[in-house]
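Undergrad: okay, predicted coordinates and the sequence, questions at the end:
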Amino acid sequence: MIEFNPNAAGNVIKRIRKEKGQSQEVCSGLAGIARSHLAMIENHDKSPNFETIWKISCAFGMKPNELVREIEIESEKLNN
């Protein structure tokens, strides 16, 4: 069983956003969330709920399960 790491989602979202060449403003606009909300997720001040994961994955052109899988992989790395 993979243990959840609260920093994993923020790390993955920030990494993928940068890989896509998106600013926080562009990403949050595409996702329909506030830029400050995205910044709090990336800075580990807030954990995203599933609806937010869904919206951000769509902004990245990914399926939600693909983003969740990346978060799982990051959790494994951070916990080892």
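TA: Thanks, I have it.
Undergrad: for the rest of this, base every contact and every neighbour count on C-alpha atoms.
TA: Will do.
Undergrad: can you tell me the closest non-neighbouring residue to the most centrally placed residue in the chain?
TA: The centroid of the chain falls nearest to residue 13 when counting by CA atoms, centre = their mean (3.0 Å). Of all residues not flanking residue 13 in the chain, residue 42 sits nearest, at 6.7 Å (CA to CA, 6 or more residues apart in numbering).
Undergrad: next, count neighbours for that neighbour.
TA: Under the neighbour criterion other CA atoms under 10 Å, residue 42 is assigned a count of 22.
Undergrad: contact partners for it?
TA: 9-11, 13-14 (CA atoms under 8 Å, 6 or more residues apart in numbering).
Undergrad: ok so, going back, and the residue nearest to the centre of the chain, how close does it get to residue 25?
TA: Using CA to CA, to the nearest Å, we find residue 13 at a distance of 14 Å from residue 25.
Undergrad: how far off centre is the longest helix along the chain?
TA: Longest helix in the chain, counting residues (DSSP state H): helix 64-79. How far helix 64-79 lies from its chain's middle: 10 Å, per CA atoms, centre = their mean, to the nearest Å.
Undergrad: list the contacts of that helix.
TA: 2-5, 7-9, 11-12, 53-54, 57-58.
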